[in-house]
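>>> Just a sequence and a predicted model for now, questions to come.
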Amino acid sequence: MSALPRRRKSPPGRPRKSAPPGRARPRRAVRHRDPVRALRAVPWRFDLPSSLVVFLVAVPLCVGVAVASGVPAELGLVTGIVGGLVVGALPGSSLQVSGPAAGLTVLVYEAVQEYGVGALGVLVLATGLLQLAMGALKLGRWFRAMSASVVHGMLAGIGLTLLFGQLYALADRKAPATGPEKIAGLPALLRDVVTGAAAPGTVALGTATLLVLVFWKYLPARVGRAVPAPLAAVGLAAAVTAAADLPVARIRVSGLLDVVRLPERDALGALAGPAGLGTILAFTLIASAETLFSAAAVDRMHHGPRTDYDRELTAQGVGNTLCGLLGALPMTAVIVRSAANVQAGARSKASRVLHGFWLLLFTALLPGVLGLVPLTALAAVLVHAGAKLVPVRRIVGLCRGHRGEAAVLAVTAVAIITTDLFEGVLIGIGLAVAKSAWQTSHLQIAVEELPVPGAPDVPVLPEPAAPGGGGAGAPALGGAPLRVRLSGNATFLRLPRLLDALERLPADRPVELDWSGLRHLDHACTVALSTWADQHRARSSAPLAVEPPLPTVA
């Protein structure tokens with residue numbers, strides 16, 4: 001009889017490592033070569049309930065995003081199915097869920113209005129192929145360098161544009177084309193609602209749906225967690241509509257095979273111009289950025305494996321390529337569904353894959369249920385989703401401590417509303433870069449008198465005041481030599497201040513220019529310093545020393 005193996009003990013004097021109190025140590029993922037053993041290793045008691053929760057959240061959002069984008073409702077479900085069954089099984093992020101997102105609604109709607117529904121497949125296919133190329137080139141991690149203020153400004157602009165547009169749909173009215181027109185038309189819309197000219201039954205049903213969404217979280221925890229707020233709001237609206245036979249517009253339903261279409265060749269010619277290529281680039285950048293920013297947010301919610309950004313970008317490319325071939329909506333990772341997945345206790349990818357299976361099963365077996373949903377209820381869901389995209393708390397915090405970042409956020413949001421999503425983001429990025437360049441180009445200029453033998457040392461003097469300033473702050477310099485110390489970063493942004501300080505130096509006194517404390521000296525400042533030194537030597541008899549010698553400029 002062989003002896004049982006002994007349990008390995010910790011070395012004497014070294015305590016056994018344990019998880020910190022109140023925080024469980026994340027379990028290592030066990031890899032099994034046998035598929036049966038791998039299937040048994042899935043924590044079904046966590047992932048199965050989580051998948052049902054995500055499915056219930058995804059149904060109204062997929063349908064609502066599709067309707068707001070101006071395409072059949074089934075195309076949103078197709079994108080959700082692909083995001084669950086295909087992207088959910090690929091490596092990258094383990095817990096975030098992909099599907100049609102409210103962040104691309106405005107861009108998709110504009111593209112459909114300009115190029116037609118038939119061109120949507122080409123746009124999404126090109127987006128997927130570009131994402132695959134970006135993932136292969138390992139560009140996913142570079143999206144983490146995006147300014148947080150630009151990201152939140154982008155979300156705020158998208159949210160406000162979506163909110164303003166869906167307020168018209170809430171009252172069964174057609175929304176104006178541009179953001180400024182939507183804002184300008186709100187007083188007239190409010191007047192129609194108050195006077196009853198905007199279908200009172202539709203307005204009342206949409207308002208009630210919105211109130212359910214807002215106050216659902218205040219219900220007892222058992223009720224609020226058992227049924228997601230979007231599903232409860234849309235379900236109640238559909239039940240009231242069917243029971244009272246309300247004369248409100250409802251979703252038009254057809255089969256999946258009737259709405260799925262391959263990309264049309266005629267659309268390639270329309271998208272070959274600069275405007276079409278700009279739309280494709282906007283799809284790619286916004287979808288990729290929203291996905292990877294969502295991944296960063298989801299990683300903060302759990303202690304499991306972190307996201308591989310390059311693999312996640314590749315997975316999104318595969319999903320969008322397939323959605324493009326099916327003529328469906330573009331997909332991104334969606335923070336609402338991802339947060340619901342984490343909060344429901346998901347432990348592995350099985351949850352998001354199963355949510356795609358439930359979407360497929362629902363669409364195949366119960367398509368007629370969608371025909372009971374009123375459009376005003378979906379508009380209320382999107383108004384609520386748009387309002388949640390506006391980071392009110394972050395804006396308040398930035399206004400208190402970082403007003404420059406708050407300005408970047410506000411300008412980005414306003415630019416998106418007044419122009420379009422792509423141009424607004426570019427404006428925000430440009431402003432953020434300019435702000436960072438200005439803040440990092442700090443230049444300190446100190447003027448001091450060199451000590452004269454037999455005289456006490458004189459402390460550092462302030463920078464010479466501008467002419468005409470009344471003499472306030474102007475140093476009373478004697479006849480001793482002057483030393484000008486430069487430190488920090490000398491860039492073209494600080495060139496006017498640098499030249500003003502140098503040109504105010506007296507021409508009849510020896511000057512020593514010490515720029516050894518500079519961390520950076522760009523070409524513009526190098527040329528300016530060399531030109532000033534030559535001019536100073538030409539008009540002054542006093543010696544000028546520059547230490548270290550300036551680089552030779554062409």
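Everything's here; your move. Everything numeric in this text was worked out from a predicted model, so none of it was measured.

>>> got a list of what Leu236 touches?
Listed by Cβ atoms under 8 Å, 6 or more residues apart in numbering, the contact set of Leu236 reads Thr209, Val212. No exception for glycine: its C-beta is placed from N, CA and C like everyone else's.

>>> quick one: secondary structure of it?
helix (DSSP: H, G, I helix; E, B strand; the rest coil).

>>> roughly how far apart are it and Val248?
14 Å (Cβ to Cβ, to the nearest Å).

>>> Now the phi/psi pair for the residue nearest in space to the middle of the chain, please.
Centroid check for the chain by Cα atoms, centre = their mean gives Val151 as the closest residue, at 3.7 Å. When quoted as degrees, to the nearest 10, the phi and psi of Val151 stand at phi -60, psi -50.

>>> I'd like to know how many residues surround Val194.
Neighbour count of Val194, defined by other Cβ atoms under 10 Å: 10.

>>> still on that earlier bit, need the contact list for the residue nearest to the centre of the chain.
Contacts of Val151 (Cβ under 8 Å, 6+ apart): Ala289, Phe293.

>>> That one and Gly278: what is the separation?
Val151 is 21 Å from Gly278, by Cβ to Cβ.

>>> what do you get for Thr412?
Distance from Thr412 to Gly278, by Cβ to Cβ: 18 Å.

>>> higher neighbour count, those two?
Neighbour totals were compared for Thr412 and Gly278, and Thr412 leads with 29 against 14 (other Cβ under 10 Å).

>>> For Phe143, see how far away the more buried one is.
From Thr412 over to Phe143 (counting by Cβ to Cβ), the distance is 16 Å.

>>> Number of residues surrounding Ser338?
Neighbour number of Ser338 under other Cβ under 10 Å is 24.

>>> ugh, wrong one, I meant Pro549
7.

>>> for Thr552, helix, strand, or coil?
coil.

>>> so where do the strands sit in the stretch 251-400 of the chain?
With DSSP state E, counting those that start in this stretch as the definition, the stretch 251-400 of the chain shows strands at residue ranges 332-334.

>>> Any stretches of it with poor pLDDT?
267, 269-270 (pLDDT under 70).

>>> can you list the weak-confidence ranges in this structure?
Ranges of the chain meeting pLDDT under 70: 1-44, 144-146, 223-226, 267, 269-270, 421-422, 452-479, 553-554.

>>> Could you identify the longest strand within it?
strand 511-521 (DSSP state E).

>>> So which elements touch the following helix or strand past that one?
Using DSSP states H and E, the helix or strand that follows strand 511-521 in sequence is helix 523-539. The contact analysis (3 or more Cβ pairs under 8 Å, 6 or more residues apart in numbering; DSSP states H and E) places helix 523-539 against helix 495-503, strand 511-521, strand 544-547.

>>> okay if I get those as CSV plus mean neighbour count and distance to Arg537?
Compiled in CSV, the helices and strands packed on helix 523-539 are given as follows (neighbours: other Cβ atoms under 10 Å; distance: least, Cβ to Cβ, whole Å):
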stretch, mean neighbour count, distance to Arg537
helix 495-503, 16, 13
strand 511-521, 15, 10
strand 544-547, 14, 5
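
>>> In PDB, list the C-alpha atoms belonging to the longest strand of the chain.
The C-alpha coordinates for strand 511-521 follow below in PDB (Å, rounded to 0.1, in the frame of the first residue of the first chain):
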ATOM      1  CA  VAL A 511      24.900  89.400 -21.300                       C
ATOM      2  CA  GLU A 512      25.300  85.700 -20.700                       C
ATOM      3  CA  LEU A 513      22.600  83.500 -22.100                       C
ATOM      4  CA  ASP A 514      22.400  80.100 -20.300                       C
ATOM      5  CA  TRP A 515      19.900  77.700 -21.800                       C
ATOM      6  CA  SER A 516      21.300  74.500 -20.400                       C
ATOM      7  CA  GLY A 517      18.200  74.100 -18.200                       C
ATOM      8  CA  LEU A 518      15.900  73.600 -21.200                       C
ATOM      9  CA  ARG A 519      14.500  70.100 -21.500                       C
ATOM     10  CA  HIS A 520      13.400  70.800 -25.100                       C
ATOM     11  CA  LEU A 521      14.300  73.500 -27.700                       C
END
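
>>> Please name the strands paired to it in the sheet, noting orientation.
Using DSSP bridges, strand 511-521 pairs in its sheet with strand 482-490 (parallel), strand 544-547 (parallel).

>>> Can you give the contact residues for it?
444, 450, 481-491, 505, 529, 533, 536, 542-548, 550-551.

>>> Val318: what's it in contact with?
Taking Cβ under 8 Å, 6+ apart as the test, what Val318 contacts is Val86, Val87, Leu90, Gly128, Leu132.

>>> Among these, which one sits closest to Asn341?
Val87 (13.3 Å; Cβ to Cβ).

>>> Now do the closest one: how many residues are near it, please.
30.

>>> My guess is Gly368 contacts Val253. True?
Yes - counting by Cβ atoms under 8 Å, Gly368 touches Val253, with 6.5 Å between them.

>>> Using TSV, please lay out the helices and strands packed on helix 523-539 together with distance to Ala197.
Below are the helices and strands packed on helix 523-539 laid out as TSV (distance: least, Cβ to Cβ, whole Å):
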stretch	distance to Ala197
helix 495-503	59
strand 511-521	64
strand 544-547	78
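
>>> now for the ones you listed, which one comes closest to Lys174?
Of all these, helix 495-503 comes closest under Cβ to Cβ, at 52.2 Å.

>>> Please enumerate residues in contact with that closest one?
Against helix 495-503 from outside (Cβ under 8 Å, 6+ apart): 443, 445, 447, 463-464, 466, 484, 486, 490, 524-525, 528-529, 532, 536.

>>> Make a ChimeraX selection of whichever of the residues you listed turn out to be buried.
A single ChimeraX command selects the buried members of the contacts of helix 495-503 (16 or more other Cβ atoms under 10 Å):
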select :443,445,447,463,464,484,486,490,525,528,529,532,536
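
>>> The strand or helix carrying Thr207 packs against which elements?
Assignment of secondary structure by DSSP H and E places Thr207 within helix 200-215. Contacts defined by 3+ Cβ pairs under 8 Å, 6+ apart place helix 200-215 against helix 148-170, helix 229-244, helix 375-389.

>>> Just the CA atoms of that helix, as PDB, please.
This file holds the C-alpha atoms of helix 200-215, laid out as PDB (Å, rounded to 0.1, in the frame of the first residue of the first chain):
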ATOM      1  CA  PRO A 200     -52.100  62.900 -26.700                       C
ATOM      2  CA  GLY A 201     -52.300  59.100 -26.500                       C
ATOM      3  CA  THR A 202     -48.900  58.600 -28.000                       C
ATOM      4  CA  VAL A 203     -47.300  61.300 -25.800                       C
ATOM      5  CA  ALA A 204     -48.900  59.900 -22.700                       C
ATOM      6  CA  LEU A 205     -47.700  56.300 -23.500                       C
ATOM      7  CA  GLY A 206     -44.200  57.500 -24.200                       C
ATOM      8  CA  THR A 207     -44.000  59.600 -21.100                       C
ATOM      9  CA  ALA A 208     -45.300  56.800 -18.900                       C
ATOM     10  CA  THR A 209     -42.600  54.500 -20.400                       C
ATOM     11  CA  LEU A 210     -39.900  57.100 -19.700                       C
ATOM     12  CA  LEU A 211     -41.200  57.400 -16.100                       C
ATOM     13  CA  VAL A 212     -41.000  53.600 -15.600                       C
ATOM     14  CA  LEU A 213     -37.400  53.700 -16.900                       C
ATOM     15  CA  VAL A 214     -36.400  56.500 -14.500                       C
ATOM     16  CA  PHE A 215     -38.100  55.200 -11.300                       C
END
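
>>> Cool, thanks, signing off.
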